[in-house]
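Undergrad: Below: sequence and its predicted model.
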Amino acid sequence: METGEAKPRVDPDAAAPGGLAPGLYLVATPIGTARDITLRALDILGSADLLAAEDTRRTRHLLDIHGLRRDPRSLVPYHDHNGAAQRPRLLAALAEGRSVALVSDAGTPLVADPGYRLAVEAIAAGYPVHAAPGASAVLAALSVAGLPTDRFLFAGFPPPKHAARVRFLGEVAAVPATLVFYESPRRLAGSLADMAEALGGARPAAICRELTKRFEETRRGSLSDLAGAYAAEPEPKGEIVVVVGPPVAEEIGEAALDAALDAALERLSVRDAAAEVARALGLPRRVVYARALERAE
């Protein structure tokens, strides 16, 4: 039996003051081309009582492009720095039976985005929460990467520091799925070098930059090749998604791995032998190190 205060109940069929049914609407917006927005998203953005935006300037520009006019007082900022202060206001609007639309800078809210806490609190309070799906950098990158899409893991932004990033990558190295990361241009070369080391240099990957924008680019190759290429070039510009194919350990026979390790262990420590074999065979260092420990016993 539930205890505590009763959760507020809102009739999902009741019309809010702006003509949209009450509730929180998570509205996907274009990641580049402004026309990549759904008709339903335009309806919601034009009629929601409150529009909470990660960047009100960008959202206002999007509204202008599509000819949507709103009372400036109904467009409020909601981002990492003011979320704790703004949530009570937005939840109070939901309690009054109003409609609140949430948009991020670009793409689908809650995906590497500060809207997560608002959605969680709205759900916990018993308010309707609706998705208005559309553009997503994760799905767009998967579509053009040319890598398996039947199983994938979105891992967000890798840590900015080398040591933390290597530990983070080690945690996902053996996941039997395509990996998807967001990364900033200034850290791309370093991240790719760490990915080649931690995930295996032979793993196929794709760097998807400026998706749906004028200078859209997708570069494909092994992690080792891509890491070398970006290390030798000027820092790229724009928003970047890194897609890495599943582990390729299955392609290396266990006997071949053991033979390489045995030869390396005759002249190197376990750690150094594992590092050498991982580089040579393009396998995740953590996986090879675990096997090297078994061979050294």
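TA: That came through fine.

Undergrad: which residues in the stretch 151-297 of the chain form strands?
TA: Counting by DSSP state E, counting those that start in this stretch, residue ranges of the strands within the stretch 151-297 of the chain are 152-156, 178-183, 204-209, 217-222, 240-244.

Undergrad: Run through the stretch 151-297 of the chain and note the low-pLDDT ranges.
TA: For the stretch 151-297 of the chain, applying pLDDT under 70 flags the ranges 248-253, 282.

Undergrad: now do 90
TA: Applying pLDDT under 90 to the stretch 151-297 of the chain flags the ranges 170, 173-176, 197, 200, 202, 247-267, 273-291, 294-297.

Undergrad: Correct me if wrong: residue 197 contacts residue 162.
TA: No: the pair residue 197 and residue 162 does not pass the contact test of Cβ atoms under 8 Å, sitting 10.2 Å apart. C-beta: built from backbone N, CA, C; applies to glycine.

Undergrad: So which of these two has more stuff around it?
TA: Legend: neighbour count by other Cβ atoms under 10 Å for residue 197 and residue 162, higher for residue 197 (20 against 13).

Undergrad: Point me to the residue sitting farthest from the middle of this protein.
TA: Centroid-distance maximum for the chain: residue 266 at 43.0 Å, with Cα atoms, centre = their mean.

Undergrad: What separation do you get for that residue and residue 272?
TA: 12 Å (Cβ to Cβ, to the nearest Å).

Undergrad: Equivalent analysis for residue 133, please.
TA: Residue 133 sits 49 Å away from residue 272, going by Cβ to Cβ.

Undergrad: same check, this time on residue 81
TA: Look at residue 81 and residue 272: by Cβ to Cβ, they are 46 Å apart.

Undergrad: in the helix or strand encompassing residue 93, what counts as buried?
TA: Using DSSP states H and E, the element containing residue 93 is helix 83-95. Residues of helix 83-95 classed as buried: 83, 86-87, 90-91, 93-94 (neighbour count, 16 or more other Cβ atoms under 10 Å).

Undergrad: Residue 142 contacts residue 243, doesn't it?
TA: Yes: Residue 142 is in contact with residue 243 according to Cβ under 8 Å; the separation is 6.4 Å.

Undergrad: what about the closest residue to residue 207 other than its chain neighbours, distance to residue 135?
TA: Nearest in space to residue 207, with sequence neighbours left out and distances taken as Cβ to Cβ, 6 or more residues apart in numbering, is residue 219 at 4.7 Å. Separation of residue 219 from residue 135 (Cβ to Cβ): 21 Å.
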